[in-house]
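[1] what's the 3D shape of this:
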Amino acid sequence: MIIRNFIFWLSTKRSVTNSIARRGMQYGFARRFVAGETLGEALTASAELCAQGRHVSLNHLGENVSTEAAAREVCASYIQMTEEMHAKNLAGNISIKPTQLGLDLSTDLCQSLARDIARRAAALGRTIEMDMEASAYIDATLDIFESVQRESGNAGLAVQAYLHRTANDLQRLAPLKPKIRLVKGAYREPKSIALQKKSDVDANYKRLTTQLLEGAVQGFFFPAIASHDPMMVAHGKAEVGRLKLAQNKYEFQMIYGIRRDLQQEVHAAGHTLQVYVPFGTDWCPYFMRRLSERPANCWFVLRSLVAESGSRRAA
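    Okay, here's the model as predicted:
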């Protein structure tokens with residue numbers, strides 16, 4: 001926990017992330033978790049995954065824009081991502097982030113831009129997913145999501161298992177029959193808002209998985225079980241079997257480059273697997289959050305840096 005918190009704290013320090021960003025793509029270690037800095041690179045990585053029978057969700061990294069012009073530019077880029085995926089016949093969708101669409105500036109602005117993206121995706125017969133950010137944004141994000149889903153009917157939403165409120169939020173969302181991506185949660189939240197112990201988060205993740213999958217039987221949700229934890233994945237598989245849920249009524253989701261062995265196992269077992277494919281120049285804070293989530297990720301980067309150092313000395 002100490003290491004996780006330290007790395008998470010570092011991810012908020014621009015002097016640190018800028019230093020890592022100058023080297024991460026150049027020496028390759030960031031490419032394990034980030035598809036590249038350009039849309040073209042992300043589309044190439046996505047095409048490879050789709051050729052293997054997986055689905056993808058493109059995520060243009062970045063958050064908390066500070067001007068309306070920047071938010072509108074992001075909106076245009078999301079629409080371009082959808083159009084490019086459609087043109088290349090890639091299975092999957094895009095994930096949008098509310099603070100990239102100006103949520104800090106205006107809820108109305110963010111809602112308007114999210115609606116524009118959903119409308120364009122719907123016109124192409126495609127879907128979108130909406131990320132959930134820190135707890136301060138949850139109520140506004142829920143309001144925006146409900147508005148988008150009521151109008152276009154093609155939106156999914158991420159919810160976080162470590163929050164005390166999530167079971168109640170799912171009850172609120174059920175009438176909209178949405179796709180729900182269940183994640184554990186990667187932000188630092190106080191105990192009044194979020195569970196603090198891993199064992200408690202795991203237990204709640206399992207309860208929410210069951211709630212979503214039982215809801216899928218009733219037609220209320222399309223669950224996306226988004227975890228790299230083998231125990232959470234095993235619970236999801238067991239519940240799918242218990243409920244005799246058809247393959248087209250749920251999916252598993254994992255992040256590009258993480259637990260590729262488990263991704264292969266899930267896919268080989270016949271479950272739909274969607275891979276979250278992040279890209280963009282503002283990749284470092286995201287990258288460091290992935291490091292904080294699992295110690296093995298840190299060792300991977302350290303090995304890469306040692307190899308890099310040895311190569312420079314040999315040169």
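[2] Please make it C-alpha for all contacts and neighbour counts, starting now.
    Will do.
[3] Asp282 reaches Val65, doesn't it?
    No - in this structure, Asp282 is not within contact of Val65 by C-alpha atoms under 8 Å, at 11.8 Å.
[4] between the two, who's got more neighbours?
    Val65 (19 against 16; other C-alpha atoms under 10 Å).
[5] just checking, that one touches Ser106?
    No - counting by C-alpha under 8 Å, Val65 does not reach Ser106; the two are 11.2 Å apart.
[6] List the buried residues for the helix or strand that contains Gln80?
    If you go by DSSP states H and E, Gln80 is part of helix 68-87. By neighbour count with 16 or more other C-alpha atoms under 10 Å, helix 68-87 contains the buried residues 68, 71-72, 74-75, 78-79, 81-83, 85-86.
[7] Next: stretch 214-225.
    By neighbour count on 16+ other C-alpha under 10 Å, the buried set for stretch 214-225 is 214-217, 220-225.
[8] Check stretch 37-45 too.
    In terms of neighbour count (16+ other C-alpha under 10 Å), stretch 37-45 has its buried residues at 37, 39, 42-43, 45.
[9] mean confidence for the helix or strand hosting Glu129?
    Using DSSP H and E, Glu129 maps to strand 128-130. Mean pLDDT, strand 128-130: 98.
[10] Following element in sequence after that strand, please.
    As assigned by DSSP H and E, the chain's next helix or strand after strand 128-130 is helix 138-152.
[11] the strands in this protein, which residues?
    55-60, 92-96, 128-130, 155-160, 179-183, 222-226, 251-255, 273-279 (DSSP state E).
[12] Rebuild these as CSV, extending it with distance to Phe145.
    Listed next are those as CSV, based on distance: least, C-alpha to C-alpha, whole Å:
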stretch, distance to Phe145
strand 55-60, 17
strand 92-96, 11
strand 128-130, 7
strand 155-160, 7
strand 179-183, 11
strand 222-226, 15
strand 251-255, 20
strand 273-279, 20
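[13] Quick one, which of those strands gets closest to Gly236.
    Evaluated with C-alpha to C-alpha, the strands of the chain place strand 222-226 nearest to Gly236, the distance being 7.0 Å.
[14] tilt between that closest one and strand 155-160?
    Going by axes from the mean of the first three to the mean of the last three C-alpha atoms, to 10 degrees, strand 222-226 is angled at 40 degrees with respect to strand 155-160.
[15] so what strands line up beside strand 222-226?
    Listed by DSSP bridges, the sheet partners of strand 222-226 and their directions read strand 179-183 (parallel), strand 251-255 (parallel).
[16] With distance to Pro230 and mean neighbour count added, can I get those strands in TSV?
    What follows is the strands paired with strand 222-226, written out as TSV (distance: least, C-alpha to C-alpha, whole Å; neighbours: other C-alpha atoms under 10 Å):
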stretch	distance to Pro230	mean neighbour count
strand 179-183	14	24
strand 251-255	12	23
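[17] Switch those strands over to a markdown table; also include distance to Gln171.
    Formatted as a markdown table, the strands paired with strand 222-226 follow (distance: least, C-alpha to C-alpha, whole Å):
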| stretch | distance to Gln171 |
| --- | --- |
| strand 179-183 | 12 |
| strand 251-255 | 20 |
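[18] Need the nearest residue in space to Gly185, chain neighbours excluded.
    Spatially, and ignoring its direct neighbours in sequence, Gly185 is nearest to Gln160 (4.9 Å; C-alpha to C-alpha, 6 or more residues apart in numbering).
[19] Sounds good, over and out.
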